[in-house]
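1. got a predicted structure plus its sequence, pasted below:
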Amino acid sequence: MIEARGLSKSFNGRRACWDLSFEVGKGEVFGLLGPNGAGKTTTLRMLAGLYAPDAGEAQVAGCAIAAGAPGGAELRRRVGLLTESPGFYDRLTALENLLHFARLYGLPRADAEARARRLLDRFQLHAQGDRLFAELSRGMKQKLAIARALLHGPQVVLLDEPTVGLDPEATREVRATIAELAADRTTLVLCTHDLDEVERLCSRAAFIAGQLLAVHAVGRHGPAALRVRVSLTAPHAAAVSRVAALPQVAEVRAEGTELHVNLRAADAVPEVVAALCAAGARVEAVHPHRDALEESYLSLLAQARERGLL
Amino acid sequence: MKGALEIVRKELLELRRSPLLLASMLSLPATVVAVPVALLAWLAHAAPPQALEFVQELYRVPAQGGPFAALVAALARNWLPMFLVLPVFLPILIAAQSIGGERERRTLEPLLATPVSTLEIILGKSVAALVPAILITWIAAALFCLGVDLVARPRLGSAPLPDADWLFATFVLSPLLALFGNALAVVVSARVVDPRAAQNLAATTVVPLLGLLVVQLAGRISLGLRFYLGLAAGAAAADVLLVALAVRLFDRERLLTKWR
């Protein structure tokens, strides 16, 4: 659905990003990870047809982007963009704002209204439809912005920092919304520096620091899913040996009542628990290993600094 | 052009819900109409004959009809440039905010992310600024003519306004000047980041017209139909150039990246 080849962009002689190449498949949730100023938003704006790359080319939802040619109206029609700030008109109601953008996307009047109301319902904003945008909470505004990005039924949705500046409750709501979209097999590119968000929502993530550092599988597709921490009620040496003997287990390390297990397959957790119970151990909890992405990220950032990219 | 129409609809809806902006748009025309009509009414009842003769002499108005007729003719002729300032000034109040305001409210990026073309954005923003400006100017001109006629008719026996100059200025020159003010404001707004700076810069275009008004009020010049015909031709040529320039200067990428 997205194929970027060597995308580069500079502003006033300062390179924002260069030689970016990656692919995003249909229905995939792809993360763009990087620190502030890494070129994530610039990349997203090139994919949305707002910036023309200085070099390189891309195909987004079947539309071409080339050096000096940002992609035209057809590209913008096929892409939904969640901008960094919601960007609505304060004196218009939530529904009026959605209708305005629906018409700008060329939807017929009746269709625009039906879609806008359906999206307000979907994001639990139906009761806010007649309220002025200025009166909505931050979380509501952000959900409304996500609704706008979906109004015209885009083939690709680009989300720029969807939870930045939101309180925990609003963050949770917005993440649930994105998870719903992912479940609907919408092709999503999520631009963020929140590792937890990437871990929860994405299947792969590109690490960017001006240039592409790496692309990793994440979440249940990534290396983190192959590492679990098992808490036992008491140390149990025999149980450790039994787990280590399982063919699905690559390595086991015991630290008191905690077992750190490296799996060969992400779906082997039930076998591990069964082996422990069969050996007489009592399992208190099984935790996914959440630090793998962070370790990769920090290591890549350190390398980027050594190479003078940051 | 559906995108342009939608932008016009949204802009007018926003304008209707902005009482302060509406009030600022109406205050100048109200003053431009009320002050001279009130002054004329006062002079008609209270001014000594010598004062009216002084006006007749200062503005070199022909003697037929007497000093009061001369006063009415001088007012009609000398105050007309003020009604040319209105259609330039009023759209600037809206248009200078058009692009800069979108940028300040962070609505520019979502707008540019839609399939709407550059021409549609400029056209939509321009029409939304022009329509209220021209309507307000026409209503103000009609009220001024009505006020002058109400005061003058009992003494002159006929309604002096609107004459040919006024009809031409109102229906031909005003729209051309409004388009000029608006196009200039869009050009400035597209290049100057701060909407307040854009408004102030664009507003300087009324200075030459105000200068003409002052010089004419001082009795140094007397503008007539020939001058207004020339002004109309100049404004029409400037309009074509400015609209072409506005479309050329409207750089979508630059609008998102330039913050200084």
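-> Noted; the coordinates are in hand. Numbers count the residues shown, from 1 in each chain, chains lettered A, B, ... in the order given.
2. for B:Leu229, give its distance to B:Ser222.
-> To B:Ser222, B:Leu229 is 15 Å away according to C-beta to C-beta, to the nearest Å. Glycine gets a C-beta too; all of them are placed from N, C-alpha and C.
3. quick one, phi/psi of A:Val189?
-> When read as degrees, to the nearest 10, the backbone of A:Val189 gives phi -120, psi 120.
4. just checking, it touches A:Gln155?
-> No. Counting by C-beta atoms under 8 Å, A:Gln155 is not a contact partner of A:Val189; they are 11.9 Å apart.
5. higher neighbour count, these two?
-> A direct count of neighbours by other C-beta atoms under 10 Å in any protein chain shown for A:Val189 and A:Gln155 places A:Val189 higher, at 28 against 17.
6. can you pull the contacts of that one?
-> Residues in contact with A:Val189, defined by C-beta atoms under 8 Å, 6 or more residues apart in numbering or on different chains, are A:Ile2, A:Val24, A:Phe30, A:Gly31, A:Leu32, A:Leu44, A:Leu47, A:Val156, A:Val157, A:Leu158, A:Leu159.
7. check the fifth one and give its pLDDT.
-> Per-residue confidence for A:Leu32 comes out at a pLDDT of 91.
8. ok, the strand or helix carrying it: who's next to it in the sheet?
-> If you go by DSSP states H and E, A:Leu32 is part of strand A:29-33. Using DSSP bridges, the strands paired with strand A:29-33 are strand A:187-192 (parallel), strand A:204-209 (parallel).
9. point me to the residue of the stretch 201-310 of chain A nearest chain B.
-> Of all residues in the stretch 201-310 of chain A, the one sitting closest to chain B is A:Gly210 (17.0 Å; C-beta to the nearest C-beta).
10. quick check: that residue touching A:Arg14?
-> No. Between A:Gly210 and A:Arg14 there is no contact under C-beta under 8 Å: 10.3 Å.
11. which bits of chain B sit near chain A?
-> Taking C-beta under 8 Å from any C-beta of the partner chain as the contact definition, chain B meets chain A at B:2-3, B:6-7, B:10, B:13-14, B:17-18, B:105-117, B:252-253, B:256-257.
12. now, of the residues you listed, which are buried?
-> Those of those that meet the buried threshold are B:3, B:6-7, B:10, B:13-14, B:107-117, B:252, B:256, by 16 or more other C-beta atoms under 10 Å in any protein chain shown.
13. ok, now how distant is B:Asp251 from chain A?
-> Using C-beta to the nearest C-beta, to the nearest Å, one gets 11 Å for the distance from B:Asp251 to chain A.
14. what pLDDT does that residue get?
-> 80.
15. likewise for B:Arg260?
-> 49.
16. how many neighbours does A:Asn36 have?
-> So A:Asn36, with other C-beta under 10 Å, has 7 neighbours.
17. A:Gly210 and A:Arg14 - which one has more neighbours?
-> A:Gly210 (22 against 6).
18. for A:Leu107, give me its contacts.
-> A:Arg115, A:Leu151, A:His152.
19. filter those residues down to the ones in helices?
-> A:Arg115 (DSSP state H).
20. the contacts of A:Leu107 into JSON lines, with extra columns for pLDDT, neighbour count and distance to A:Ala214?
-> Listed next are the contacts of A:Leu107 as JSON lines, based on pLDDT from 0 to 100; neighbours: other C-beta atoms under 10 Å in any protein chain shown; distance: C-beta to C-beta, whole Å:
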{"residue": "A:Arg115", "pLDDT": "94", "neighbour count": "20", "distance to A:Ala214": "38"}
{"residue": "A:Leu151", "pLDDT": "93", "neighbour count": "22", "distance to A:Ala214": "34"}
{"residue": "A:His152", "pLDDT": "92", "neighbour count": "22", "distance to A:Ala214": "34"}
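21. which single one of the contacts of A:Leu107 is nearest to A:Gly129?
-> A:Arg115 (13.0 Å; C-beta to C-beta).
22. quick check: closest non-adjacent residue to that closest one.
-> A:Leu151 (5.8 Å; C-beta to C-beta, 6 or more residues apart in numbering or on different chains).
23. low pLDDT regions in chain B?
-> Counting by pLDDT under 70, chain B has low-confidence residues at B:63, B:96, B:193, B:258-260.
24. ok, which stretches of it are strands?
-> Here chain B has no strands by DSSP state E.
25. over to chain A?
-> Counting by DSSP E, chain A has strands at residues A:2-11, A:14-24, A:29-33, A:55-60, A:63-66, A:79-82, A:156-160, A:187-192, A:204-209, A:211-217, A:227-232, A:249-255, A:258-263, A:283-288.
26. of these, which is nearest B:Thr205?
-> Using C-beta to C-beta and comparing the strands of chain A, the one that lies nearest B:Thr205 is strand A:2-11, at 32.1 Å.
27. quick one: mean pLDDT over the closest one.
-> Mean pLDDT, strand A:2-11: 92.
28. separation between A:Thr192 and chain B?
-> 18 Å.
29. same check, this time on A:Pro70
-> Distance from A:Pro70 to chain B, by C-beta to the nearest C-beta: 7 Å.
30. touching, the residue nearest to A:Arg115 and A:Leu104? I think so.
-> No. The pair A:Leu151 / A:Leu104 is not scored as a contact, 9.5 Å apart, by C-beta under 8 Å.
31. quick one: which of the contacts of A:Leu107 is nearest to chain B?
-> Nearest to chain B among the contacts of A:Leu107: A:His152, at 8.6 Å, using C-beta to the nearest C-beta.
32. ok, the closest residue to the closest one other than its chain neighbours - contacts?
-> Computed as C-beta to C-beta, 6+ apart, the closest residue to A:His152 that is not its neighbour in sequence is A:Tyr105, at 3.9 Å. By C-beta under 8 Å, 6+ apart, the residues touching A:Tyr105 are A:Arg77, A:Leu151, A:His152, B:Thr114, B:Pro115.
33. and what of B:Ser189?
-> By C-beta under 8 Å, 6+ apart, the contact set of B:Ser189 is B:Ala95, B:Ala96, B:Gln97, B:Ser98, B:Ile99, B:Gly100, B:Pro195, B:Ala198, B:Ala202.
34. if we go to 7 Å?
-> Applying C-beta atoms under 7 Å, 6 or more residues apart in numbering or on different chains to B:Ser189 gives the contacts B:Ala95, B:Ala96, B:Ser98, B:Ile99, B:Gly100, B:Pro195, B:Ala198.
35. low-confidence ranges in chain A?
-> Short version for chain A, where the test is pLDDT under 70: A:219-225, A:289-292.
36. separation between the most centrally placed residue in it and A:Ala205?
-> Nearest to the geometric centre of chain A sits A:Leu190, at 3.6 Å (C-alpha atoms, centre = their mean). Noted for A:Leu190: a distance of 8 Å to A:Ala205, by C-beta to C-beta.
37. overlap of the contact sets of the two?
-> Counting by C-beta under 7 Å, 6+ apart, the residues touching both A:Leu190 and A:Ala205 are A:Gly31.
38. picking up where we left off before, nearest residue to the residue of the stretch 201-310 of chain A closest to chain B other than its sequence neighbours?
-> Per C-beta to C-beta, 6+ apart, closest to A:Gly210 is A:Leu309, 5.0 Å.
39. what's the answer for A:Val240, then?
-> Closest to A:Val240 by C-beta to C-beta, 6+ apart is A:Ala254, at 5.0 Å.
40. the one you found: how many residues sit nearby?
-> With other C-beta under 10 Å as criterion, A:Ala254 counts 19.
41. one step back: and the strands of chain A as a markdown table, adding distance to B:Pro208?
-> Shown next, in a markdown table, are the strands of chain A (distance: least, C-beta to C-beta, whole Å):
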| stretch | distance to B:Pro208 |
| --- | --- |
| strand A:2-11 | 38 |
| strand A:14-24 | 42 |
| strand A:29-33 | 53 |
| strand A:55-60 | 48 |
| strand A:63-66 | 46 |
| strand A:79-82 | 44 |
| strand A:156-160 | 46 |
| strand A:187-192 | 50 |
| strand A:204-209 | 53 |
| strand A:211-217 | 54 |
| strand A:227-232 | 76 |
| strand A:249-255 | 83 |
| strand A:258-263 | 80 |
| strand A:283-288 | 73 |
